[in-house]
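A.B. asks: My questions are about this predicted structure, shown below with the sequence.
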Amino acid sequence: MKLVTAVIKPHKWDEVREALEAFGVTGMTVTEASGFGRQKGHTEVYRGAEYDVALLPKIRVEIVVEDDSAGDVVGVITKTAQTGRIGDGKVWVMPIESVVRVRTGERDSAAL
Amino acid sequence: MVPTGDTAWLLASASMVLLMTPGLALFYGGMVRSKSVLNMMMMSFGALGLISVLWVLWGYSIAFGNDVGAGMLGDPFEFFGLRGLMEDLTSEEGGLPVMAFVAFQAVFAIITVALISGAIADRAKFGTWLIFAGIWATVVYFPIAHWVFAFDAGDVVGGWIANDLLAIDFAGGTAVHINAGAAALALAIVLGKRKGFARDPMRPHNLPLVMLGAGILWFGWFGFNAGSAVAADNTAAVAWVNTMTATGAASLAWLATEKIRDGHATSLGAASGIVAGLVAITPSCSAVSPVGAILLGAIAGVLCALAVGLKYRLGYDDSLDVVGVHLVGGLVGTILVGFLGTAAAPAGVDGLFYGGGVDQLWRQVVGAVSVMTYSFVVTLIIGYLLHKTVGFRVDEDDEVSGIDLAVHAETGYDLHVSTGAGRTLTGATAGATGSSGVGADADRQTEGSVKS
């Protein structure tokens, strides 16, 4: 099993969710996150005092999938979240050792 | 026979002015960081409680008792506890109830004290603030209110600015705004800068609160200015229109200044411009024409927008710009009466631009500078004495982690669904309502099952 983690632009979140559901993903964990990459931050002005805001709002999506569908899930996210402008985000994949469904105690693939 | 129309307007105005202090609490509260919103609001609410009581005990008497000498001070004992005033009218025949005037002037004292608190955001001990507020009101505000607002009437002798200097201050440009602004500067110097001032971002945590506060202030200010006619008459109506007009112009002017300087017209700028305009039209609303009010408001909007940057250059942490808005706005409004005053307005005095020469101008300057100097010096003394004895600043750790939690044992917001679970009821109520914890859990479960 693999953990696919994507950090994307907040306004792309709805599209990404719909695309993942259409692909067959049955569940995910979503967090409102903040961060920056090459895009860096932005500037805010309050009564003439300028502030550099380093962190930008992002959505972090985490999905556990079977090994063989990890590549396709990454593809779906990348295709949907892409605007072509700087700040679109990142997607990465990590191996998972084991998974348990809390309600039933089912393990690994049965728990997905 | 009591003039019921005038009495009704004065009591309505007093109620509107009272609402300005909670409005100020929102205006200030939204401008600080979320970790100190409650303390910021509590400084205003503390003033509401304390000054309400002091005004009745000796405040009114110091401000409006018979003068004890040179127009400096009313007799503190004459109306101590408002004695003898419960059935009095302001004149034998056809006068307002004195109590209506007591009420109207009380709410001015409250908001003047509350205004100062913007200079010492995030870092003042609440107890010391209250002690300061009581002493400051007694030795600074009540006497200055006597100077400016106590007019001679029959055998009763009033204050020197109102009766001898004859400076025009219709609703408190000197007594309220220059006074509070100068005191704010003194306290900002006494308390020193917040940790991280001019280095860490200290952005307003809730601008909608600031906008709501500015709106409430504007509404209440119609009571402040038009109510200062102490009658439901033409003067009140002129003051109302000028208060609307100057404020609109000041807000636009602040936005234009920002747009040119920073590239953006901001919501905080609009709200700040509103307050700057309200401050500037306060002394002058009976003295200028509506077109004069546009000019006066616009000048105040530009100058205050530029003045709020001074604290970074001069290195004093007037956190919410009480100096830049109230001291500067108060000076602009008070002194411009000497230029823009017109005999066609209810105050009936021509300024320099209307052929009146400099006669009114020097009176305005002397009034403004006198109040500013007295307030600044006396506040500096009170502030230093408290700072060296009981202490005026909270511990550095408490300031950094948040004054709300350290001083009031509360936090302003609970926006996370899960934090309730980490809290357990302890203390006095825990035994009496032992089942409430279970009940709360049951509620949460129900809530969860409805959602799923």
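C.D. replies: Done, it's in.

A.B. asks: Give the burial count for B:Trp355, as a bare number.
C.D. replies: Check again: residue B:355 is Gly, not Trp. Residues within reach of B:Gly355, counting by other C-beta atoms under 10 Å in any protein chain shown, total 9. Quick note: C-beta positions are derived from backbone N, CA and C, even for glycine.

A.B. asks: residues contacting it?
C.D. replies: For B:Gly355, no residue meets the contact criterion (C-beta atoms under 8 Å, 6 or more residues apart in numbering or on different chains).

A.B. asks: ok, now the one 3 residues further on?
C.D. replies: Counting by C-beta under 8 Å, 6+ apart, B:Val358 makes contact with B:338, B:352.

A.B. asks: same thing with B:Phe219?
C.D. replies: Counted by C-beta under 8 Å, 6+ apart, B:Phe219 has contacts B:16, B:19, B:23.

A.B. asks: Is it within a helix or a strand, and which one?
C.D. replies: If you go by DSSP states H and E, B:Phe219 is part of helix B:207-226.

A.B. asks: any idea how far that helix is from the chain center?
C.D. replies: Helix B:207-226 sits 11 Å away from the centroid of its parent chain (C-alpha atoms, centre = their mean, to the nearest Å).

A.B. asks: can you check stretch B:343-362 too?
C.D. replies: Offset of stretch B:343-362 from its chain centre (C-alpha atoms, centre = their mean): 28 Å.

A.B. asks: Residue of chain B nearest chain A, please.
C.D. replies: B:Pro201 (4.4 Å; C-beta to the nearest C-beta).

A.B. asks: secondary structure element for the residue lying closest to that residue once chain neighbours are set aside?
C.D. replies: Once flanking residues are discounted, B:Pro201 sits nearest to A:Tyr51: 4.4 Å by C-beta to C-beta, 6 or more residues apart in numbering or on different chains. Using DSSP H and E, A:Tyr51 sits in strand A:49-53.

A.B. asks: With just CA atoms, put that strand into CSV.
C.D. replies: What follows is strand A:49-53, C-alpha atoms only, in CSV (Å, rounded to 0.1, in the frame of the first residue of the first chain):
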residue,chain,number,x,y,z
ALA,A,49,2.8,49.2,7.4
GLU,A,50,3.8,46.5,4.9
TYR,A,51,4.0,42.9,6.0
ASP,A,52,5.6,40.1,4.0
VAL,A,53,3.4,37.1,4.5
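
A.B. asks: avg pLDDT for that strand?
C.D. replies: Averaged over strand A:49-53, pLDDT sits at 84.

A.B. asks: Next, the buried residues of that strand.
C.D. replies: Neighbour counts over strand A:49-53 (16 or more other C-beta atoms under 10 Å in any protein chain shown) mark A:Ala49 as buried.

A.B. asks: Tell me the first helix or strand C-terminal of that strand.
C.D. replies: strand A:56-65.

A.B. asks: List the strands paired with that next one, with their directions.
C.D. replies: Paired neighbours of strand A:56-65 in the sheet (DSSP bridges): strand A:2-8 (antiparallel), strand A:29-35 (antiparallel).

A.B. asks: List the contacts of residue 109.
C.D. replies: Looking at chain A here, since you left the chain open. A:1, A:66.

A.B. asks: Let me rephrase: I mean chain B.
C.D. replies: If a contact means C-beta under 8 Å, 6+ apart, then B:Ala109 has B:51, B:54-55, B:59, B:63, B:137, B:141-142, B:145 as its contacts.

A.B. asks: rerun that using 7 Å as the cut-off
C.D. replies: Going by C-beta atoms under 7 Å, 6 or more residues apart in numbering or on different chains, B:Ala109 touches B:51, B:55, B:59, B:137, B:141, B:145.

A.B. asks: which SS class is it?
C.D. replies: In three-state terms, and counting by DSSP: H, G, I helix; E, B strand; the rest coil, B:Ala109 is helix.

A.B. asks: Tell me the bridge partners for whichever residue of chain A sits closest to chain B.
C.D. replies: Nearest residue of chain A to chain B: A:Tyr51, at 4.4 Å (C-beta to the nearest C-beta). Assessed by DSSP bridges, A:Tyr51 has beta-bridge partners A:Glu44.

A.B. asks: pretty sure it contacts B:Asp200?
C.D. replies: No. In this structure, A:Tyr51 is not within contact of B:Asp200 by C-beta atoms under 7 Å, at 9.4 Å.

A.B. asks: gap between the lowest-mean-pLDDT helix or strand in chain A and the chain center?
C.D. replies: The weakest-scoring helix or strand in chain A, judged by mean pLDDT, DSSP states H and E, is strand A:49-53 (a mean of 84). Put simply, strand A:49-53 sits 28 Å off its chain's centre (C-alpha atoms, centre = their mean).

A.B. asks: Show me the contact partners of that strand.
C.D. replies: Applying C-beta under 7 Å, 6+ apart, the contact partners of strand A:49-53 are A:41-44, B:201, B:203.

A.B. asks: Out of these, who's the most crowded?
C.D. replies: B:Arg203 (16 neighbours).

A.B. asks: does that one count as helix, strand or coil?
C.D. replies: Three-state call for B:Arg203 (three-state DSSP): coil.
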